[in-house]
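Asks: Structure, please.
(chains A and B)
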Amino acid sequence: GAGVSQSPSNKVTEKGKDVELRCDPISGHTALYWYRQRLGQGLEFLIYFQGNSAPDKSGLPSDRFSAERTGESVSTLTIQRTQQEDSAVYLCASSQRSGNTIYFGEGSWLTVV
Amino acid sequence: AQSVTQPDIHITVSEGASLELRCNYSYGATPYLFWYVQSPGQGLQLLLKYFSGDTLVQGIKGFEAEFKRSQSSFNLRKPSVHWSDAAEYFCAVGGPESASKIIFGSGTRLSIRP
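Replies: Got it, this is the predicted structure:
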């Protein structure tokens, strides 16, 4: 597609529920990132996919967080048993290859009540 | 491990004044360096990037940045700021290696005094 597409754009969920966030990267981009941005904070690295290599999961904050990517296409970020501190914007980005310029989606705003 | 430090959380400058936002990085090899801007309610936009070559890079909106390897710095500058430059600015570091991810600093919020 023309840009990185994320859905849903907004999600309000009850504490304890599971949520799934989707990212559709720019076509042909082999690298895909997930970041978290809490209100008024910086970008916190979560996970990085590069082609068929094992993903770098070093930024995932707990085992409630997981992500998958099928080939070089869509990725889903799953948060299980959501907590209020999970409330944030979840940003997906992609690039043609590792280390190159990354292009961001508009983000998925998650509110846990 | 790679990291980025933006020591200034918030900076206020007068419209028309010059600007310098600081960025220090830690990376084991030759870094790729980026500056992104996030305006209120907007997404992240790339201002400029350094991969190799000339250490002074020009970006959009009149911004420039200088890579100084000896100081592990990549400071962002603009000779004369405009009110529309008020935003959050993020420095980021990555690298050419396939395992290299892009890590962001905590950001500097820029306010413009009329």
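
Asks: Just give me the neighbour total for the closest residue to B:Ser26 other than its chain neighbours.
Replies: Distances taken as CB to CB, 6 or more residues apart in numbering or on different chains put B:Ser3 closest to B:Ser26, at 4.6 Å, once the chain neighbours are dropped. Yep, even glycine has a C-beta here, placed from its N, CA and C like the rest. Neighbour count of B:Ser3, defined by other CB atoms under 10 Å in any protein chain shown: 11.

Asks: And the residue positioned nearest the centre of chain B, which helix or strand is it part of?
Replies: Nearest to the mean C-alpha position of chain B, counting by CA atoms, centre = their mean, stands B:Trp35 at 3.5 Å. If you go by DSSP states H and E, B:Trp35 is part of strand B:32-38.

Asks: Is there proximity between that strand and chain A?
Replies: Yes. For strand B:32-38, a contact with chain A is found by CB under 8 Å from any CB of the partner chain, at B:32, B:34.

Asks: The residue nearest to the centre of chain B is in contact with B:Glu66, isn't it?
Replies: No. Applying CB atoms under 8 Å, one finds B:Trp35 not in contact with B:Glu66, separated by 11.3 Å.

Asks: which residues are in contact with both of those two?
Replies: The contact sets of B:Trp35 and B:Glu66 overlap at B:Phe74 (CB atoms under 8 Å, 6 or more residues apart in numbering or on different chains).

Asks: quick revisit: helix or strand for the closest residue to the residue nearest to the centre of chain B other than its chain neighbours, just tell me which one.
Replies: Residue nearest to B:Trp35 in three dimensions, not counting chain neighbours: B:Leu47, with 4.4 Å by CB to CB, 6+ apart. In this assignment (DSSP H and E), B:Leu47 forms part of strand B:44-50.

Asks: List, one by one, the residues from chain A near chain B.
Replies: Residues of chain A lying near chain B (CB under 8 Å from any CB): A:33, A:35, A:41-43, A:45, A:48, A:50-51, A:53, A:56, A:91, A:93, A:95, A:97-107.

Asks: Is A:Phe49 in a helix, a strand, or coil?
Replies: strand (DSSP: H, G, I helix; E, B strand; the rest coil).

Asks: Just list the residues touching it, thanks.
Replies: By CB under 8 Å, 6+ apart, the residues touching A:Phe49 are A:31-33, A:55, A:67, A:69, A:75.
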